[in-house]
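In: Kindly generate the corresponding structure for this input.
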Amino acid sequence: MQDLVAALVARRFYLEHRTKKQIGDELGISRFKVARILDLALRDGVVRIEINTPPDVDLDLSRQLTDTFALRQAIVMREPSQIGRGCAALLTERLTEEDVLGVSWGRTLHGLTAVLPPLPRATVVQIIGSIPSADLNVNSLELVRRLGESTGGEVHALHVPMILDSPEVAASLRRAGYVASTLAMFPRLTCALVGIGGWQPGASSLRSTLPADLVAELDKAGAVADICSTVLDAAGRVVGGDAVPARSIAITTEQLRAVPDVIALAAGVDKATAIAAAVRSGLVHGLITDAAAADGLLKQA
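Out: Numbering: from 1, shown residues only. Here you go, the predicted model:
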């Protein structure tokens, strides 16, 4: 009889979507008693819950990263090539028409362009200018354009380089109307997608655009990662002061820190140190990565 009552309560709750109060009123018991019956039903096997995890997601590693680094969310895809699909799925659930989505740049982040589904009508804002790339198919403007097509919302682009020859040139360009209007959107961001650059030669597009003397200063300061115009050491501290932001057309560290939800995309075991720095900085709330990078990241915990 006890199992019969448990099955009845479980059916009402899980399949018919009745509230615990509604079930309690029906059976003449308190909602607290209903909750106790549901707990026992799970314990005794009257109810069995099966979660079918997509085969390309490593749920255990995802949970370990969330718990170890106090992230709001972590999605670990088994292969680097699947990260774009993981991010697209997250955006489908995360975005609303009220959101203002900031987008930076990166090869991993650019993987989104091939798999974007129709998304809620959010506004899309480019948060860094263009960075030269040997691959002409990988650029920040194309990523913003594709995201804008997917949301159908307003798009605020930056048709300028990210790094300028001097702080004076950068300051002048920031005052230009077509640039200033996009920069004015940064305080309105509700969510941002950012890439993480490893600082070693060949792994950071930002590093390759900076003058050699500035790169040497940042190396000496212990730089291991970059996010937008922010350069970080292994402990997640900002290095270089205002040297990089002053010559950049990009979201600043303070502006990025003010964004309520920042999701980083990065892949590869060689990025583990950079990802660890980004997570420790407090700038990143969520992470989408691959299994090799996640393993490397956990070894640095």
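
In: hey, let's count contacts and neighbours off CA atoms from now on
Out: OK.

In: in stretch 208-216, what's buried?
Out: S208, L210, V215 (16 or more other Cα atoms under 10 Å).

In: how long is that stretch from one end to the other?
Out: 12 Å (Cα to Cα, to the nearest Å).

In: Start the count at 40 instead of 1 going forward.
Out: Got it, first residue is 40 now, which makes that one stretch 247-255.

In: Tell me what D329 is bridged to.
Out: Legend: beta-bridge partners of D329 under DSSP bridges are M116.

In: Give me the number of neighbouring residues for it.
Out: Using other Cα atoms under 10 Å, D329 has 27 other residues around it.

In: Check E256 too.
Out: Using other Cα under 10 Å: E256 sits among 14 other residues.

In: and for the helix or strand containing it, what are the contacting residues?
Out: Secondary structure assigned from DSSP states H and E places E256 in helix 251-259. The contact list for helix 251-259 (Cα atoms under 8 Å, 6 or more residues apart in numbering) reads R246, V278, G279, A282.

In: Kindly report the same for stretch 58-76.
Out: Here stretch 58-76 has contacts from A45, V48, R51, F52, using Cα under 8 Å, 6+ apart.

In: pLDDT on that stretch, on average?
Out: Across stretch 58-76, the average pLDDT comes to 88.

In: what about that stretch, start to end distance?
Out: 14 Å.

In: And stretch 325-335, by the same measure?
Out: Taking Cα to Cα as the criterion, the two ends of stretch 325-335 lie 17 Å apart.

In: tell me the SS of the residue lying closest to L295 once chain neighbours are set aside?
Out: Take L295 and drop its neighbours on the chain: the residue closest to it by Cα to Cα, 6 or more residues apart in numbering is L322, 6.9 Å away. Three-state assignment for L322 (DSSP: H, G, I helix; E, B strand; the rest coil): coil.

In: domains of this structure?
Out: Domains of the chain are assigned by automatic domain parsing as 41-82, 98-338.

In: Going along the chain, name the helices of the stretch 140-289 of the chain.
Out: Along the stretch 140-289 of the chain, the stretches classed as helices by DSSP state H, counting those that start in this stretch are 146-149, 179-190, 206-213, 216-222, 244-248, 251-259, 282-285.

In: Turn these into CSV, including distance to A340 and mean pLDDT.
Out: Below are the helices of the stretch 140-289 of the chain laid out as CSV (distance: least, Cα to Cα, whole Å; pLDDT from 0 to 100):
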stretch, distance to A340, mean pLDDT
helix 146-149, 23, 83
helix 179-190, 32, 90
helix 206-213, 37, 96
helix 216-222, 36, 96
helix 244-248, 26, 89
helix 251-259, 23, 96
helix 282-285, 28, 95
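
In: Tell me which of the ones you listed sits most buried.
Out: Stretch with highest mean neighbour count among those: helix 146-149 (a mean of 22; mean count of other Cα atoms under 10 Å).

In: what's that one in contact with?
Out: Residues from elsewhere that reach helix 146-149, judged by Cα under 8 Å, 6+ apart: 119, 122-123, 177-179, 182, 232-234, 304-306.

In: Specify which member of these is nearest to L151.
Out: G123 (4.5 Å; Cα to Cα).

In: In this model P156 seems to touch that closest one, though I could be wrong.
Out: No. Applying Cα atoms under 8 Å, one finds G123 not in contact with P156, separated by 11.2 Å.

In: which SSE is A45 in?
Out: helix 41-49.

In: give me the beta-bridge partners of the residue nearest to the spatial centre of the chain?
Out: Centroid-nearest residue in the chain: I302, 1.4 Å away (criterion: Cα atoms, centre = their mean). Beta-bridge partners for I302, by DSSP bridges, are L232, G325.

In: Also A262?
Out: Counting by DSSP bridges, A262 is bridged to D272.

In: where's it relative to L271, distance?
Out: 5 Å.

In: Any regions of the protein where pLDDT drops low?
Out: Counting by pLDDT under 70, the low-confidence segments of the chain come to 40-41, 91-92, 171-177.
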